[in-house]
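1. Need coordinates for the below:
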Amino acid sequence: QVQVVESGGGLVQAGGSLRLSCAASGSIYSLHDMGWHRQAPGKQRELVAIITRDGSTNYADSVEGRFTISRDNAKNTVYLQMNSLKPEDTGVYYCSADVRRWAGSVLPLSQYWGRGTQVTVSS
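-> Here you go, the predicted model:
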């Protein structure tokens, strides 16, 4: 199986910064797109940022210029550096990882999710 674990959430004042980390582990043959998503109370989950295996990135308009996604392929880890945080950035942040597993042969691409980490920005 594949495990995806986020860390780095917490409480921060508006204008502050946080860095989230997400590590994928297990029977990974290859790791492809990795992404960060968030869900605010009473709202649907939304994509925040995504990064391909070769480092191409895409951001939600609401975080462009403030958040930076990066990855370390040797560690199967993705990061989200969040600067100039706003109260509307509050929510549970989830990591996703698109993985080809090895189970005697290479299995089709599947998406795995972490359990999330809480980010709270106070005004």
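
2. Residue 71 is in contact with residue 55, correct?
-> Yes: counting by CB atoms under 8 Å, residue 71 is a contact partner of residue 55 at 7.2 Å. No exception for glycine: its C-beta is placed from N, CA and C like everyone else's.

3. quick one, which of those two is more surrounded?
-> Using other CB atoms under 10 Å as the criterion, residue 55 and residue 71 rank with residue 71 on top: 19 against 10.

4. show me what contacts the more buried one?
-> 34, 51, 55, 77-79 (CB atoms under 8 Å, 6 or more residues apart in numbering).

5. So in terms of bridging, what pairs with residue 110?
-> Beta-bridge pairing for residue 110 (DSSP bridges): residue 99.

6. Tell me how far residue 16 lies from residue 6.
-> Between residue 16 and residue 6 the distance is 19 Å, computed by CB to CB, to the nearest Å.

7. just the buried members of the contacts of residue 71?
-> Among the contacts of residue 71, those classed as buried by 16 or more other CB atoms under 10 Å are 34, 51, 77-79.

8. For the residues you listed, work out which two are farthest apart.
-> Pairwise distances across these peak at 11.2 Å for 51 and 77 (criterion: CB to CB).

9. got the contact list for the residue of the chain most remote from its centre?
-> Each residue of the chain has a distance to the centre, and by CA atoms, centre = their mean the biggest one is for residue 104: 28.7 Å. Under the criterion of CB under 8 Å, 6+ apart, residue 104 has no contact partners.

10. Helix or strand: which one has it?
-> Using DSSP states H and E, residue 104 maps to neither a helix nor a strand.

11. Surely residue 88 is within a helix?
-> Yes: according to DSSP: H, G, I helix; E, B strand; the rest coil, residue 88 belongs to a helix.

12. That one: neighbour count?
-> 11.

13. Could you check the pLDDT of the residue nearest in space to the middle of the chain?
-> In the chain, the centroid-proximal residue (CA atoms, centre = their mean) is residue 36; its distance is 2.8 Å. Looking at residue 36, its pLDDT reads 98.

14. now swap in the one 5 residues further on and tell me
-> Note for residue 41: predicted pLDDT of 89.
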